[in-house]
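J.: I would like the atomic coordinates for the input below:
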Amino acid sequence: MLHLLSHAMFKALLFLAIGWLSVLVAGTAATKMTGGVRYHPQLRWPIAIGLLSLAGVPPLVGFVSKEYVLGAAFDNVTELGSAAGWIVLVSFGVTVVLTAAYCTRAWLVLTHLTSEEEAIRQATIVASRKVEDVSIVEIFTQPAPRTAAGSSPQTGPPVVEPDHGHADIFRGARLAIGVLAFLSVVGGLIIFTPLVGVEAHLVWYLAASSLLLILGAWLVVRRMASMTDSGDAADLLGARRMALFDKGFGADGVYVAVVSPVVKLARVVVTADREVIDAYVRGTVVATRWAGLAGERAHTRKPSSYLVWLLFGLLAVGVSGVTLW
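T.: Below is the predicted model of the structure:
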């Protein structure tokens, strides 16, 4: 229950923040969202908090819930010797590395600067540290400042500034993102409330091991990203490997191959139910209706003599029974 609540906090935060960023940059592809956090700094902290919580960095709620799951699995191993506990521990060890890796990759992509942008940034920093003595005449006679459309002939080739929007996010969405970010930071305190009813218990060396795995994944992905121009560590894997990853190592193909016959059989069953079994039921209804119409047309709507005598006999028997009783 604690793990479910923690995911509700930081996953909702990430969906809202990344979703709004994709609206601001007009796309969801990595090439569109590259550097998006730099151009829209109002989303920097929400996305950072969501990714850190997803990676399981303390003291965020994702760390707390993950460590309690690990603690429960550890107790299961030490007290019961169950194989299920070992499966959970090993699975978490693998997923900690993978989660930290793709969270680091996402953050580096979202904060990446292209070579041209980095050169402009460094030139601006250098220029800001340079001090020159100028006269009052030079100040008023200097060329017009460079604009986004270009520059004066004296300043060389035009430099196009990043044409990204500065529109703020909607107030309601900003409030929701802020609340979810706050919950992702302090949500781990829910463990001390009776809402989940879990005794406070952490296995500290498991927590330390997971933090070392997170740190190792961060260092590796950061190093890989620094070796690429795009800032995306995945580019070092190559197009073939990326295509293999996108296909899920063939797991989706196996799933489709297994499920496809079941789906086809289900379609046959549905068709037989609708067109055969239900057809018989609909056919009996139609036949009964036509038989009723035929009988109604054949009937003269006048009482026959035997029916009158039958009713008279029943009345006589009834009266006799009551009288003689």
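J.: distance from the chain centre to the strand or helix carrying F245, please.
T.: Per DSSP states H and E: F245 is located in helix 238-246. Averaging C-alpha positions (Cα atoms, centre = their mean, to the nearest Å) puts helix 238-246 22 Å from its chain's average.
J.: ok, and what's touching the helix or strand just after that helix?
T.: Scanning forward in sequence from helix 238-246 by DSSP H and E, the next helix or strand is helix 251-272. Residues outside helix 251-272 that contact it (Cβ atoms under 8 Å, 6 or more residues apart in numbering): K247. Every residue, glycine included, has its C-beta placed from N, CA and C.
J.: send the alpha carbons of the host helix or strand of E296 over as CSV?
T.: In this assignment (DSSP H and E), E296 forms part of helix 278-298. Provided in CSV are the C-alpha atoms of helix 278-298 (Å, rounded to 0.1, in the frame of the first residue of the first chain):
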residue,chain,number,x,y,z
ASP,A,278,-28.5,-16.2,-30.6
ALA,A,279,-29.9,-16.8,-34.1
TYR,A,280,-31.8,-19.8,-32.8
VAL,A,281,-33.3,-17.7,-30.0
ARG,A,282,-34.2,-14.9,-32.4
GLY,A,283,-35.6,-17.5,-34.8
THR,A,284,-37.9,-19.0,-32.1
VAL,A,285,-39.2,-15.6,-31.3
VAL,A,286,-40.0,-14.8,-34.9
ALA,A,287,-41.7,-18.2,-35.4
THR,A,288,-43.8,-17.8,-32.3
ARG,A,289,-44.8,-14.3,-33.4
TRP,A,290,-45.9,-15.5,-36.9
ALA,A,291,-47.7,-18.5,-35.4
GLY,A,292,-49.6,-16.2,-33.1
LEU,A,293,-50.6,-13.9,-36.0
ALA,A,294,-51.7,-16.9,-38.1
GLY,A,295,-53.9,-18.2,-35.2
GLU,A,296,-55.3,-14.8,-34.6
ARG,A,297,-56.3,-14.4,-38.2
ALA,A,298,-57.8,-18.0,-38.3
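J.: which elements pack onto it?
T.: Helices and strands touching helix 278-298, as assessed by 3 or more Cβ pairs under 8 Å, 6 or more residues apart in numbering; DSSP states H and E, are absent.
J.: make 618 the first number, not 1, from now on.
T.: All set: I'll call the first residue 618, so the last point we hit is now helix 895-915.
J.: for it, what is the average pLDDT?
T.: The average pLDDT within helix 895-915 is 80.
J.: next, the angle from that helix to helix 868-889.
T.: Angle of helix 895-915 versus helix 868-889, following axes from the mean of the first three to the mean of the last three Cα atoms, to 10 degrees, is 20 degrees.
J.: hang on, the earlier thing: just checking, what packs against the helix holding F862?
T.: Secondary-structure packing of helix 855-863 (3+ Cβ pairs under 8 Å, 6+ apart): no helix or strand packs against it.
J.: can you pull out the helices in this structure?
T.: Secondary structure of the chain (DSSP state H): helices at 619-642, 647-650, 653-656, 661-672, 678-692, 700-727, 732-746, 753-758, 788-803, 821-843, 855-863, 868-889, 895-915, 922-941.
J.: rewinding a little: could you give the mean pLDDT of the helix holding F862?
T.: Helix 855-863 shows a mean pLDDT of 74.
J.: just the C-alpha atoms of it, please, in PDB.
T.: This file holds the C-alpha atoms of helix 855-863, laid out as PDB (Å, rounded to 0.1, in the frame of the first residue of the first chain):
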ATOM      1  CA  GLY A 855      24.100   2.200 -32.100                       C
ATOM      2  CA  ALA A 856      21.000   2.100 -34.200                       C
ATOM      3  CA  ARG A 857      20.800  -1.700 -34.300                       C
ATOM      4  CA  ARG A 858      21.000  -2.100 -30.600                       C
ATOM      5  CA  MET A 859      18.500   0.700 -30.100                       C
ATOM      6  CA  ALA A 860      16.100  -1.000 -32.600                       C
ATOM      7  CA  LEU A 861      16.500  -4.200 -30.600                       C
ATOM      8  CA  PHE A 862      15.700  -2.300 -27.400                       C
ATOM      9  CA  ASP A 863      12.700  -0.600 -28.900                       C
END
